Every structure is written in structure tokens, then in C-alpha cells.
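In: Just a sequence and a predicted model for now, questions to come.
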Amino acid sequence: MLIPELPGHLSRMGGEEYIGLIISLFTLTAGISRPYSGKLTDKWGRIPVMIVGAVVSGVAALLYPVFLSVTGFLLLRLFHGFSTGFKPTGTSAYVADIVPANKRGEAMGISSFFGSIGMAGGPAIGSWIFLTYGINTLFYVSSALAISSVVVLMGMKETLRDHQSFNLSMLKIGRTDIFEASVIKPSIVMILTTLGFGTVVTLAPDFGDYLEIENRGLFFIVFTGSSMLVRIAGGKISDKFGRRVILKYSTSILFISLLVIGFSTSPIQFFIGAFIFGIGYGLNSPTLFAWTIDLSPDLSRGRGVSTLFIFLEIGIGTGALISGSYYQGINERFPLIFGIAAIFSLFAFFYLMLSPKK
């Protein structure tokens, strides 16, 4: 809900030059918190970790109307990142617990399908609320939705069998808690493909303004809507034919889509690029998570998932920072920025082709 309107909100406070930090600061703390959420997921439980993430999201949204300076806004983005650092880690491990191994791809597809419903509807609803009722109402509604998810979580049954009561020693992180070596291959593909995602979520609103598209959320509707079309089917196919097969297609599609977006000269071409990008990302994301769970030791499933998320955050944050810093409001730079993002997806394709299959 917030993503399309945050660049304009920051610009109105006089912070246009820091637009690239909106996503990168958020992903910075999300990435830093991953080792903690992974360890807590494997020891404290899946549901408590999910609740922490949802509560942070709700509290952060309530604070945006209070933090009205550029510095305050950027600090709040750092805090808000903890929500994404916790919630998805617990969710992925929870889903993996309740499905058989031969249906992990399908399960991740279903889970991400419902996530995509929120990602598709959120930006459009958020932009409508902003245009109709103002930015503060948007923040309050976002907070209410996040807190309402806590009610759902409290009614769910914990799936971690030997979960422990929380104690401060769980927050002590060693080197072995940070990185799960067995999931390095999907993690490399993740970072290469999310560099493009970071570019898209950072610059798509401004690109839409350049093309005179009034509702900044329409791009995200098209992108997430098309991703929903393939997530479940793509997961099923990866269960049958293998993760690498799907990922070779997804990285190729992402490469093409970023070129189409970057060289757009009309809203139609822009939305076509968004549609293709959604297809690629809809195939890519659940397949990578299923592959990660395949490779993760049973007792370290949370750490394996958190490792993948660390690479995801690094990719998104780096893509957002580089693209936002170089853009600086100069629309003629869009083709070069998106072209570079496309090349990283092409690197992911060649990595899958050339890396050993064992």
C-alpha cells in the first residue's frame, strides 16, 4: 500500500535526493535481522516470529505521520525493515513444515499467490486512499491491516515440535547462525534477479509520472497480477521437472521484461513490460524458495530460509540504492538503469547453465 506513495511523501519533505534510500534502508535492517529471525524460527517457533514482524509493520505505519522530517522518515524506514526481516522467514518455514516434500514448489506457489493478492491490491488501494483521503489515512489503514493479521496468527497452531521459551541467549548470533552453506546456489540466483526488482520498485513510480500515468499503483497491479497467473502452476511444474528448468525460463523472462520497461515510451509498452516482469518473477520466487527448502537440513530450515532472504535483501537494497542514486530525477537515464538491471538477470541464467547440477 505504501510503496507507490512514499517517494512523493519524501519529496514533499524536501528529500527527493534520498528516494533510493526508501527501499535500501528498509532492506538493510531486514537483511541484518535475518540471522536473528532464522535462529528464533528454529528455536522459539514459527508463529512468534511471524507475530513480531506483523506488529513492527503495524507500529511503523502509525509513526509515519509523526516523523515529518527527512531524517526521521529515513530512521523509520530502518525500523520498518524489521517487519520484513521476521514475518516471511517464519511464514516460509511454517509452510514447509505442513506440506510433503514432493509438493513444496506447489505450496510455495500457493503461499506466494496469496501474498501477490496483497501486493496487487495494496498499491492500487493505497494510491486511491491517498488521492481521496490523504497520506495520513493511508498510513492508518496500513497499520490496521498489519495488526489484524496478528489476530489470525494467534489462532494458528505452532508447527515447530521442540520449540523453546524465549530467552535472551537466542539473540546471540555466531557465524554458523548467519549463513547456511547448503543453499548457496539458489541464493546467488536470488541476488542477481532481485537487483532488478529493487530497481523496479524504486523507479516505477517516477517512470509512471514521466509517462503521465496518474495512479502510481497501476504498474504494481499489472506486475503482481500477472505473477499470480503463474505462481501455483510454476510451483507444480518445478516439483515435476526440477527447480533449474523453471529458473532458466524465469531469468530469461526477467531479462526481456526489464529491457521492455526501460525502453518504454508509452504507457502501453510500460504495462506490457510490467506484465512480462510479473510472469518472470512469479516463476522465479516460489521456485527459489522451494529449492532452498530442498537443500536445507531439517533442523536448520529457518536458517536456510533466512540465508536466502539475506541475499534477497542485499539484491533489492543494492538495486534500489544504485538506481535511485544514479537516477536523480533525470528521466533520460531510465534505459541505461533498467538495461544494467536486465544484464544481472542474464548473469543468473548463465550461472544456472554453467554451474554443476550436483
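Out: Nice, thanks for sending it over. Numbers count the residues shown, from 1 in each chain.
In: And the residue nearest to Tyr94 when sequence neighbours are not counted, what's its pLDDT?
Out: Sequence neighbours aside, Arg46 is the residue nearest to Tyr94 in space, at 4.1 Å (criterion: C-beta to C-beta, 6 or more residues apart in numbering). C-beta: built from backbone N, CA, C; applies to glycine. Listed pLDDT for Arg46 reads 93.
In: I'd say Arg46 and Ser92 touch.
Out: No - in this structure Arg46 lies outside contact range of Ser92 using C-beta atoms under 8 Å: 9.1 Å.
In: on that earlier part again, what is the burial count for the residue nearest to Tyr94?
Out: By other C-beta atoms under 10 Å, 29 other residues sit near Arg46.
In: which residues does it contact?
Out: Gly90, Thr91, Ala93, Tyr94, Asp97, Glu158, Thr159, Leu160, Gly302 (C-beta atoms under 8 Å, 6 or more residues apart in numbering).
In: do the same with Gly282
Out: Ser112, Ser116, Ser226, Ser227, Met228, Leu229, Val230, Arg231, Gly234.
In: Pull out the buried residues from the strand or helix carrying it.
Out: Using DSSP states H and E, Gly282 maps to helix 267-295. Within helix 267-295, the residues scored as buried using 16 or more other C-beta atoms under 10 Å are 270-295.
In: can you check stretch 120-132 too?
Out: Those would be Ala120, Gly121, Gly122, Pro123, Ala124, Ile125, Gly126, Ser127, Ile129, Phe130, for stretch 120-132 by 16+ other C-beta under 10 Å.
In: Report the secondary structure state of the fifth one.
Out: Reduced to three states with DSSP: H, G, I helix; E, B strand; the rest coil, the structure at Ala124 is helix.
In: and it, what pLDDT?
Out: Looking at Ala124, its pLDDT reads 80.
In: Surely it touches Phe223?
Out: No - applying C-beta under 8 Å, one finds Ala124 not in contact with Phe223, separated by 11.4 Å.
In: May I have the secondary structure class of Leu68?
Out: coil.
In: Buried residues, the helix or strand bottoming out on mean pLDDT in the chain. List them.
Out: One helix or strand of the chain scores below all others by mean pLDDT, DSSP states H and E: helix 175-178, with a mean of 77. Within helix 175-178, the residues scored as buried using 16+ other C-beta under 10 Å are Asp177, Ile178.
In: Residues contacting it, please?
Out: Taking C-beta under 8 Å, 6+ apart as the rule, helix 175-178 contacts Pro35, Gly38, Lys39, Arg303, Thr307, Ile310.
In: In the residues you listed, find the pair that's most separated.
Out: Using C-beta to C-beta, the two most remote members of those are Lys39 and Ile310, lying 12.7 Å apart.
In: what's the spacing between Thr251 and Thr193?
Out: 6 Å (C-beta to C-beta, to the nearest Å).
In: higher neighbour count, the two?
Out: Higher neighbour count among Thr251 and Thr193: Thr193, with 29 against 26, using other C-beta under 10 Å.
In: picking that back up, closest one to Pro356 out of the contacts of helix 175-178, please.
Out: Of all the contacts of helix 175-178, Pro356 sits closest to Thr307, with 19.6 Å by C-beta to C-beta.
In: centre of the chain versus the least confident helix or strand of the chain, how much separation?
Out: How far helix 175-178 lies from its chain's middle: 23 Å, per C-alpha atoms, centre = their mean, to the nearest Å.
In: re the thing from before, tell me which of the contacts of helix 175-178 fall in helices.
Out: Pro35, Gly38, Lys39, Arg303, Thr307, Ile310 (DSSP state H).
In: Val70: which of those residues is nearest?
Out: Once C-beta to C-beta is applied, the member of the ones in helices among the contacts of helix 175-178 that ends up nearest Val70 is Ile310, at 27.9 Å.
In: which one is that closest one nearest to, not counting chain neighbours?
Out: Per C-beta to C-beta, 6+ apart, closest to Ile310 is Arg34, 4.5 Å.
In: After the host helix or strand of Ser238, which helix or strand is next?
Out: Secondary structure from DSSP H and E places Ser238 in helix 218-241. Following helix 218-241 in sequence order, the next helix or strand is helix 243-262 (DSSP H and E).
In: now that next one: mean pLDDT?
Out: 96.
In: now that helix against helix 267-295, angle please.
Out: Relative orientation of helix 243-262 versus helix 267-295 (axes from the mean of the first three to the mean of the last three C-alpha atoms, to 10 degrees): 160 degrees.
In: Give me the angle between helix 243-262 and helix 218-241.
Out: Using the same axes, to 10 degrees: helix 243-262 against helix 218-241 is 160 degrees.
In: Pull out the buried positions in helix 243-262.
Out: For helix 243-262, burial by neighbour count (16+ other C-beta under 10 Å) applies to 243-244, 246-262.
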